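A.B. asks: any chance you can model this:
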Amino acid sequence: MIAPQLRLVSPATLTPHEEIIPDRVNEVTDLLVREQCWTSPICIERHSRCIMDGHHRHAAAMRLGLALVPVAEFDYNDVRLGSWRAGLSFEPGEIIERARRGVLYPHKSTRHVFPPVRVVSVSLHQLVMPGEERTI
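C.D. replies: Numbering: from 1, shown residues only. Here you go, the predicted structure:
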């Protein structure tokens with residue numbers, strides 16, 4: 001298994017598969033503004049750009065009007081998939097299809113377990129400025 005590729009991408013190109021908790025989005029937004037720095041990449045499925053982890057960070061980025069966000073790209077072959085809720089199980093294709101259709105699962109339904117992801121430190125100023133998607 002290789003380390004996930006880290007990229008800066010437009011948050012508008014990412015597709016959520018779970019609902020968010022508005023109060024949590026407020027907390028994340030406040031933290032980003034206070035720290036003026038992004039440190040934890042959003043984890044996405046490489047081909048569909050479905051968000052695997054980071055729905056609240058994504059919503060905060062959209063609220064702040066960020067042009068770019070750090071992401072770590074994965075294939076489902078490299079991620080263990082489970083659920084935070086007893087008795088639920090998921091298939092990767094089902095998650096991606098529901099995201100594509102906008103039929104969101106309740107918050108904290110799916111649980112994705114990732115190999116180690118490199119922590120990044122990107123100034124919020126760099127994310128506000130429009131730019132090309134690129135590897136970081």
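A.B. asks: strands of this protein, start to end?
C.D. replies: 5-9, 37-38, 42-45, 51-53, 69-74, 80-83, 110-113, 122-123, 134-135 (DSSP state E).
A.B. asks: in the third one, what's buried?
C.D. replies: Of the residues in strand 42-45, those buried under the neighbour-count criterion (16 or more other Cβ atoms under 10 Å) are 42, 43, 44, 45. Using the backbone N, CA and C atoms, a C-beta is placed for each residue, glycine as well.
A.B. asks: poorly predicted segments of this protein, please.
C.D. replies: Along the chain, the model assigns pLDDT under 70 to residues 1-3.
A.B. asks: skipping its backbone neighbours, what lies nearest residue 63 in space?
C.D. replies: Closest residue to residue 63 apart from its sequence neighbours, by Cβ to Cβ, 6 or more residues apart in numbering: residue 29 at 5.5 Å.
A.B. asks: and the residue lying closest to residue 104 once chain neighbours are set aside, what does it touch?
C.D. replies: With sequence-adjacent residues excluded and distances taken as Cβ to Cβ, 6+ apart, residue 104 is closest to residue 19, at 4.9 Å. By Cβ atoms under 8 Å, 6 or more residues apart in numbering, the contact list for residue 19 reads 55, 104, 105, 106, 107.
A.B. asks: residue 19 and residue 42, how far apart?
C.D. replies: 16 Å (Cβ to Cβ, to the nearest Å).
A.B. asks: could you do residue 74 as well?
C.D. replies: 11 Å.
A.B. asks: buried ones among the contacts of residue 19?
C.D. replies: 55, 104, 105.
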